[in-house]
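> need coordinates for the below:
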Amino acid sequence: MLGQGIPIVEAYFVKGLIIGFSLSIPVGPIALLCIRRTLARGLLSGLFSGLGAATADIVYGAAAGFGVGFLANFLIRHDIVLRLVGGAFLCFLGIRTFQSVPPTSPENHDEIGLVRDYVSTLFLTFTNPMTMFAFAAVFAAAGVGERDGNYWLSTAVLVLGVGLGSAVWWLCLTGLVSFLHGRINPAGLRIINRISGAAIGLFGIGVLLSIVLIFLPK
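The predicted model follows:
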């Protein structure tokens, strides 16, 4: 049994890596924030921002994989409030990013700043309940949920793989942006701030408009 279980666990870990990496790739407000912070404050700032999103992915992945009803019910009951808070926060970040001026010299990486970067993206990812449902759909397609003798172990390993896969993507993204940073002049950084700020703000407006659509007659 042990010899049969180990390959199954390894397979779920690989599945988790692929799922976590793939679901993190689409460019959204979190990716734009990571890119902008990497350009403005360096690799660590962008990476810690990405790790905040990866942590939320682990929590949502665990909720989807283990079927944690309490978290799912909480997200469903407070969907509108979460969208309202998340949308407003995105609009605020969009305005700040649009108006921000690129630093003339590299900023220091203080612990408080890195924690703030981490917590902000963790919070933003948590305000999007659709993330959990996306994991649930992908997990179902990947065959997760078959309650055999290895269910709990294989699901835990898969969720761990999801977190690591997500973290690997953020490391790749921020590493690439950091590498290209020296090729971008201050004027280019200002343009990136304007585009990123406008895009993040539009994401926020889209979230707020989705609340209005809920109350429209079908």
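
> CA atoms of whichever strand or helix holds residue 59 as CSV?
Residue 59 is located in helix 43-66, with elements delineated by DSSP states H and E. The C-alpha coordinates for helix 43-66 follow below in CSV (Å, rounded to 0.1, in the frame of the first residue of the first chain):
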residue,chain,number,x,y,z
LEU,A,43,12.6,42.7,-6.4
LEU,A,44,11.7,42.0,-2.7
SER,A,45,8.7,44.3,-2.7
GLY,A,46,7.3,42.7,-5.8
LEU,A,47,8.1,39.2,-4.6
PHE,A,48,6.5,39.7,-1.1
SER,A,49,3.4,41.1,-2.9
GLY,A,50,3.2,37.9,-5.0
LEU,A,51,3.7,35.7,-1.9
GLY,A,52,0.7,37.3,-0.3
ALA,A,53,-1.4,36.2,-3.2
ALA,A,54,0.2,32.7,-3.0
THR,A,55,-0.7,32.4,0.6
ALA,A,56,-4.4,33.2,-0.2
ASP,A,57,-4.2,30.6,-3.0
ILE,A,58,-3.2,28.0,-0.4
VAL,A,59,-6.1,28.9,1.8
TYR,A,60,-8.6,28.9,-1.0
GLY,A,61,-7.1,25.7,-2.4
ALA,A,62,-7.5,24.0,1.0
ALA,A,63,-11.1,25.1,1.2
ALA,A,64,-11.8,23.8,-2.3
GLY,A,65,-9.8,20.5,-1.8
PHE,A,66,-11.1,19.6,1.6
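
> that one - what's its average pLDDT?
Mean pLDDT, helix 43-66: 89.

> give me the buried positions along it.
Buried residues in helix 43-66, counted by 16 or more other Cβ atoms under 10 Å: 43-66. For glycine as for every other residue, the C-beta is placed from the backbone atoms N, C-alpha and C.

> give me the buried positions along the helix or strand containing residue 84.
Assessed by DSSP H and E, residue 84 sits inside helix 79-99. The neighbour-count check on helix 79-99 (16+ other Cβ under 10 Å) flags 82, 83, 85, 86, 87, 89, 90, 91, 93, 94, 97, 98 as buried.

> off-centre distance for the next helix-or-strand element following it?
Under the assignment DSSP H and E, the closest C-terminal helix or strand after helix 79-99 is helix 111-126. Chain-centre distance of helix 111-126: 11 Å, with Cα atoms, centre = their mean, to the nearest Å.

> now helix 111-126: average pLDDT?
Average pLDDT, helix 111-126: 88.

> give the next helix or strand downstream of it.
The helix or strand immediately downstream of helix 111-126 is helix 130-141, counting by DSSP H and E.

> quick one: distance of that next one to the chain centre.
14 Å.
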